[in-house]
Every structure is written in structure tokens, then in C-alpha cells.
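Participant: Please find the sequence and the predicted model below.
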Amino acid sequence: VAETKLNEASSRSHTVFRINISSTCQETGSTRLSQLNLVDLAGSEGVSKTQADGLRLREGSNINRSLLALSNVINKLSTASKQFINYRDSKLTRILQRAISGNASTAIICTITPSNY
């Protein structure tokens, strides 16, 4: 966290908390594996509003770049076309590849500022 003009304790990175879950059927001995990912995405930032410079400006640029890569992947997954999906555009999309594609259930909870911005 660091201070910007919008927030005195602004999150400067994304956080991914992954829990690996396994269960074994006692009758058959088969094992099921699952992952639960809890992700806190740092917010998108406008330089004019945060008045960031130096390190804070670079952090904000990286936050925005990874959010853009994630939205590009989600957009391609949600269309019927068979476009190539480049998960390697961002560490975030690479980490979450299994969670946002294939046989996964995803829930998104958004918190949005009531600010006039």
C-alpha cells in the first residue's frame, strides 16, 4: 500500500490467495482435486486523479496493464469465436488461467467507490 491523492492507503498490487482442496472417496480410492482462488485486484487508476509520479506512476501503469490483459482474456472467452487467447500477456492471467477457462465456476464481487470520479 502507498498514498496517492485519491487514497492514503492505496493497494499497489493484486493479491491471489489459492487454496488446493483434495477429497478421496473411501470406497473407490479416487481423488478429486480442486482449487479455490480468492483474488483482490488493485483498482484501475487515472494518473490525472491520483497525481502519481515516479514509482507510484509505474505501479499504476502495471496495475492498469494487467487489468487490461485480464479483460482481454475474459472478452475472448465470452465470445463464440475461436480466437487465440494469450494468457501470457500478464502474470495475473497466467496465474488465473485454470480458474477463468475450462471447467471452472467463477464469481465476481465488485466494490466501487461512491465518489463523483
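Facilitator: Received, thanks.
Participant: Could I get the full set of helices for this protein?
Facilitator: All helices of the chain, identified by DSSP state H, fall at 47-50, 55-78, 91-95, 97-100.
Participant: Going by mean pLDDT, which of the ones you listed comes out lowest?
Facilitator: Of all those, mean pLDDT reaches its minimum on helix 47-50 (a mean of 72).
Participant: can you dump the C-alpha coordinates of that helix into PDB?
Facilitator: Included here for helix 47-50 are C-alpha records, laid out as PDB according to Å, rounded to 0.1, in the frame of the first residue of the first chain:
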ATOM      1  CA  VAL A  47      -2.900   9.500 -13.500                       C
ATOM      2  CA  SER A  48      -4.700  12.800 -13.500                       C
ATOM      3  CA  LYS A  49      -6.800  11.800 -10.500                       C
ATOM      4  CA  THR A  50      -4.000  10.200  -8.400                       C
END
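Participant: Now do stretch 13-30: distance from first to last residue.
Facilitator: 39 Å (CA to CA, to the nearest Å).
Participant: Which of the helices of the chain sits closest to Leu36?
Facilitator: The closest of those to Leu36 is helix 97-100. By CB to CB, the value is 8.9 Å. (Glycine included, C-beta is placed from N, CA and C.)
Participant: And the pLDDT at Ser34?
Facilitator: On the pLDDT scale, Ser34 gets 90.
Participant: which residues pair with it across the strands?
Facilitator: According to DSSP bridges, the residues that bridge with Ser34 are Ile21.
Participant: measure it to Ile95 for me?
Facilitator: 16 Å (CB to CB, to the nearest Å).
Participant: More neighbours: those two, which one.
Facilitator: Legend: neighbour count by other CB atoms under 10 Å for Ser34 and Ile95, higher for Ile95 (15 against 10).
Participant: Let me see the contact set for that one.
Facilitator: Val16 (CB atoms under 8 Å, 6 or more residues apart in numbering).
Participant: Alright, I will stop here.
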